[in-house]
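Undergrad: kindly generate the corresponding structure for this input.
(chains A and B)
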There are 2 protein chains.
Amino acid sequence: MTEKIPPDSVGLVEPQDMIVAAEFPLACGQSLPGYTLRYECYGQLNARRSNAILICHALSGDHHAAGYHRPDDRKPGWWDNMIGPGKPIDTRRFFVVCSNFLGSCKGSTGPASINPATGEPWGLDFPMVTVPDWVRTQVALSDHLGIEQWAAIIGGSLGGMQVLQWAIDYPERLRHAVVIAAAPKLSAQNIGFNEVCRQAILGDPNFHGGRYYQQGPGPRQGLALARMIGHITYLSDDAMGQKFGRETRGGKALSYGFDVDFEVESYLRYQGQRFVDQFDANSYLYITKALDYFDPAASHGGDLVATVARAKAQFLVISFSSDWRFAPERSREIVQALFRAGLEVSYAEIQSRHGHDSFLLPIPQYHRVMGAYLERIAKEQGL
Amino acid sequence: MTEKIPPDSVGLVEPQDMIVAAEFPLACGQSLPGYTLRYECYGQLNARRSNAILICHALSGDHHAAGYHRPDDRKPGWWDNMIGPGKPIDTRRFFVVCSNFLGSCKGSTGPASINPATGEPWGLDFPMVTVPDWVRTQVALSDHLGIEQWAAIIGGSLGGMQVLQWAIDYPERLRHAVVIAAAPKLSAQNIGFNEVCRQAILGDPNFHGGRYYQQGPGPRQGLALARMIGHITYLSDDAMGQKFGRETRGGKALSYGFDVDFEVESYLRYQGQRFVDQFDANSYLYITKALDYFDPAASHGGDLVATVARAKAQFLVISFSSDWRFAPERSREIVQALFRAGLEVSYAEIQSRHGHDSFLLPIPQYHRVMGAYLERIAKEQGL
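TA: As a prediction, this is how the structure comes out:
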């Protein structure tokens, strides 16, 4: 390990693939002719297999939650501040697994993968995947790893929704559910933003009906726009004000034209362009649809209390005061339903200026709450 | 007048043009070789010329604030619920004027107008126009109409910003300033949304550097996206929830594809498409820039109190509880600055679910506040 890798890191890590050859039926009615699930593990599974924690990632996340792939990586995994030796999810005690969901473009099977029936990338022929499907792939992964029951399943945003789905669909297979910055379903405004992002991609003339892998540069403009819109909704008005205010780029005078005037414009353009090099537009389409479709109570006549009543896990629900994408009120809907269903639930609303993005940030109060809860789990399991 | 036109309407109205042949220097340093300002008038100017009210419109608005152009018009002007005989801005007492601002596409000179130097539409050669420029064109209109002092100048959103600029730049020429759902300047989030809208237009392959009048269909996709984004920000999360919830279009089952699933998607697509037929993409670019650039305190070292201290008008400031584009806090910044500058100011925060769009809606409490304030002005002027 080089000097660059800090001592509280899980260090160098390597992704692994679970390859499933059997046909996998999906909630949409179609099925996949097998699939690959890419995942990473940190820490050691104990002999009793009682110290396993599963992490569920959000829209643009992946299986690489902590550590480094190469000694010269500029950045560690996306939740490295939360996972590692001595960190809230302490890898000296816990065996931590994070898997990339189907439909993504980070290693698990998705629209950019090869459709064995045609030998070409799936594109929009890829079947729609939903949160319950993702949970079922992770159940297969649990079996593959020999984990009968997770000590906890933890996720933020779309990952938090996945945790909720787990607790409802497989009540015996997790002891604790940690649902962060999530919602029991998307609001019309949430769907509206997702739809604008999809229209930006679908309407890009380089989209070619999703078959852009074979021709041209792909819908770079549309995907960049989608990311810019997303980015505004991940931050709070206050956080953007603190970060950029109305500062002009480089302190220059107003251009009186359509080039960049303000720092915030420069930042958003940069974020959009950077994302295009890292993410597949088709995956963005599929994942935003999985978000829109997430509504576990729908199959119980819209009754969230009756829906979550199937769960047996103990819950920790966390929200952030300035999150307007999935505001604290949305988390409180989950908390109230769990409470009415007679489940054990702790709730923390963390004061933060950073909007929805807070769930990724090392906010001291947030890390203290997580650390204390994980400590409790460790004690309970005698770790 | 046909039966269709209601008795509390100003009835059939006709736009008028003020044509200025002289060169008009702009804040950006360039100038226009003359310009046309389109406007409408309702009611009668009294002999003392003391009953005139000027209305300032918002981003996609125009001079057609009240009444009908033809007996078979499907809809009246954009603020017909506010302006008319017996309405809060009562045309039996007041002479009401509304003008379309420069850069728009509704009759006043803008990027779709012919550049006399080339005989072609201006496109992006049109000089940048700003809120102070608009005020100066309205000062010229005041002179043209023989109105030395407006009894009140009234506007919502970008129109409210224009009212604030009027009060600062021409303190003697208005007695009352009514600033509705506005802000003293845009936040980084506001600018961010505007920038995404502009990028959608500028990046549309049919934009052709703004010269699309001469070729092709124009940036319809980009403008529709801009409108969709705008529309989400005009409504509150709550209002969208009330209006659409998660209802699927026509109550159908989920498509598990990328066609419309939810009513909100259908609504946003429709709004986007409809707007494209009514508005010019270049105008959208210029007007969002005028919004971003609005910052009257910038020329006073950022000191809003010192800036508004030049004003002499009495103020009514109105905000709406669920407006998150220009939230009540932004109106309170204006109120506090006016108060500290020793000006007379009334403030009303109207409870409303309808978000920023509230300023256009006939909300009873809002209309009562407006009616009472206008009544006071009428008494003051002995009308």
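Undergrad: show me where chain A has its strands.
TA: A:16-20, A:24-25, A:31-32, A:35-42, A:52-56, A:83-84, A:89-90, A:95-99, A:114-115, A:120-121, A:152-156, A:176-180, A:314-320, A:345-350 (DSSP state E).
Undergrad: out of the ones you listed, which is closest to B:A112?
TA: Distance to B:A112, taken as CB to CB, is lowest for strand A:120-121 among the strands of chain A, at 42.5 Å. (Each C-beta comes from the backbone N, C-alpha and C, glycine too.)
Undergrad: now do the domain split for chain A, please.
TA: A:16-185+A:297-380, A:192-287 (automatic domain parsing).
Undergrad: want to throw those domains into JSON lines with mean pLDDT, distance to chain B and mean neighbour count?
TA: JSON lines is the format used below for the domains of chain A (pLDDT from 0 to 100; distance: least, CB to the nearest CB, whole Å; neighbours: other CB atoms under 10 Å in any protein chain shown):
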{"stretch": "domain A:16-185+A:297-380", "mean pLDDT": "97", "distance to chain B": "4", "mean neighbour count": "20"}
{"stretch": "domain A:192-287", "mean pLDDT": "95", "distance to chain B": "4", "mean neighbour count": "20"}
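Undergrad: quick one: the ones you listed as JSON lines, columns for distance to B:R227 too.
TA: Compiled in JSON lines, the domains of chain A are given as follows (distance: least, CB to CB, whole Å):
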{"stretch": "domain A:16-185+A:297-380", "distance to B:R227": "21"}
{"stretch": "domain A:192-287", "distance to B:R227": "10"}
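Undergrad: and those: which comes nearest B:L12?
TA: Judging the domains of chain A by CB to CB, what sits closest to B:L12 is domain A:192-287, at 37.6 Å.
Undergrad: pretty sure A:V260 contacts A:R269?
TA: Yes: contact criterion CB atoms under 8 Å: A:V260 and A:R269 qualify, at 6.8 Å.
Undergrad: where's A:V163 relative to A:V131, distance?
TA: Between A:V163 and A:V131 the computed distance is 10 Å (CB to CB, to the nearest Å).
Undergrad: ditto for A:Q278
TA: 23 Å.
Undergrad: was I right to think A:G103 contacts A:F126?
TA: Yes: between A:G103 and A:F126 there is a contact under CB under 8 Å: 7.1 Å.
Undergrad: skipping its backbone neighbours, what lies nearest the residue most central in space within chain A in space?
TA: Closest to where the C-alpha atoms of chain A average out (CA atoms, centre = their mean) is A:A58, at 1.2 Å. Nearest non-adjacent residue to A:A58, counting by CB to CB, 6 or more residues apart in numbering or on different chains: A:S157, 3.9 Å away.
Undergrad: all helices of the stretch 151-300 of chain A, in order?
TA: A:158-169, A:188-202, A:220-234, A:237-243, A:263-276, A:281-293 (DSSP state H, counting those that start in this stretch).
Undergrad: quick one: closest of those to B:I168.
TA: Of all the helices of the stretch 151-300 of chain A, helix A:237-243 sits nearest to B:I168, with 23.0 Å by CB to CB.
Undergrad: go through chain A and flag its longest helix.
TA: Using DSSP state H, we find that the single longest helix of chain A is helix A:364-380.
Undergrad: show me what that one is packed against.
TA: strand A:89-90, strand A:176-180, strand A:314-320, strand A:345-350 (3 or more CB pairs under 8 Å, 6 or more residues apart in numbering or on different chains; DSSP states H and E).
Undergrad: got CSV for those strands, with distance to B:I168 too?
TA: Formatted as CSV, the helices and strands packed on helix A:364-380 follow (distance: least, CB to CB, whole Å):
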stretch, distance to B:I168
strand A:89-90, 55
strand A:176-180, 46
strand A:314-320, 38
strand A:345-350, 41
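Undergrad: go through those and name the closest to B:H144.
TA: Per CB to CB, nearest to B:H144 of those: strand A:314-320, 54.2 Å.
Undergrad: got the CA coordinates for that closest one in CSV?
TA: Extracted in CSV, the C-alpha atoms of strand A:314-320 (Å, rounded to 0.1, in the frame of the first residue of the first chain):
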residue,chain,number,x,y,z
GLN,A,314,-35.6,-2.4,13.4
PHE,A,315,-35.3,0.9,11.6
LEU,A,316,-33.2,4.0,11.7
VAL,A,317,-34.5,6.7,9.4
ILE,A,318,-32.4,9.8,8.7
SER,A,319,-33.3,13.0,6.9
PHE,A,320,-31.6,16.4,6.3
